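> Provided below for reference: sequence and predicted model.
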Amino acid sequence: MSRTVLFIHDAGASPAVWSSFVRRYAACGYQCHAPAWPVAGPHDPGGVPCLARLIAAHAAFARTLPEPPLLIGHGIGGLIVQVLLDHGIGAAGIAIAPFTSGGGWRGLLAFLRGVTFADRRWARLFRQAAFSRDAFIAFDNDHRAPLLLITAENDRTIGAGAVAATYRQHRLSIAATAFRRFPGRSHWLIAEPGWEAVADDGMQWFQQQSGRS
């Protein structure tokens, strides 16, 4: 079983959002990595890296690790987890309140409701996640590593219904796919009271998947 974890944060957040998860996983013997997003390139407006740059940077980081890591991502990070798994990167993935791949205008508008006016610089990244080929996932990929999708009952950014729909798409594959819905939680269920249950549920699921391999 892999003992390495790569955490991928959401737009507008920082690696610090994973600090509690890192401590909890590290206490259980995991080597944890929560890198910052790469610096935006000269053609990335607003100082926000494009989706392709984010995917490539996290793929490159994962390949430097001594073993394929467990990938854990939130929001846009959850989308990146799914793309990386589809590309054959990672021992397994946990996508928490993930942005919907190819979500179109519905997904884009939902995410824009979750950010302040000052954060509208992220709109280009959200458009890419909603419409671009960089966000493409082959949902019928039978060779994908196990995936757990986690949603929150009171998420007003990426609703539970959207995550459930993503789960149904992944069920086109025979690859292991699971779905969890946490009642009474918001989009920031990784950092709000009760985050321990989210962290522990993911860890337990991964250990179960590893025991089956």
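That came through fine. Residues are numbered from 1 along each chain as shown.
> for residue 150, pull up the helix or strand it's in.
If you go by DSSP states H and E, residue 150 is part of strand 147-152.
> quick one: that strand to chain centroid distance?
Mean-position distance between strand 147-152 and its chain equals 9 Å (Cα atoms, centre = their mean, to the nearest Å).
> next one: stretch 46-53
Put simply, stretch 46-53 sits 16 Å off its chain's centre (Cα atoms, centre = their mean).
> that one: end-to-end distance?
With Cα to Cα, to the nearest Å as the measure, the first residue of stretch 46-53 is 15 Å from its last.
> and it, what's buried?
By 16 or more other Cβ atoms under 10 Å, the buried positions in stretch 46-53 come out as 48, 49, 50, 51, 53. All C-beta spots, glycine's among them, are computed from the backbone N, C-alpha and C.
> quick one: average confidence on stretch 148-156?
Averaged over stretch 148-156, pLDDT sits at 95.
> cool, and stretch 168-186?
Average pLDDT, stretch 168-186: 97.
> ok, and what's touching it?
Here stretch 168-186 makes contact (Cβ atoms under 8 Å, 6 or more residues apart in numbering) with 139-156, 160, 163-164, 167, 189, 192, 194, 197-198, 201, 205, 209, 212.
> can we see that at 7 Å?
Residues from elsewhere that reach stretch 168-186 (Cβ atoms under 7 Å, 6 or more residues apart in numbering): 139-142, 144, 146-155, 160, 164, 167, 189, 192, 194, 198, 201, 205, 209.
> picking up where we left off before, give me the helices and strands touching the strand holding residue 150, please.
strand 92-96, helix 160-170, strand 177-182, helix 195-212 (3 or more Cβ pairs under 7 Å, 6 or more residues apart in numbering; DSSP states H and E).
> locate the residue of the chain with the greatest distance from its centre.
In terms of distance from the mean C-alpha position of the chain, residue 42 ranks first, at 25.8 Å (Cα atoms, centre = their mean).
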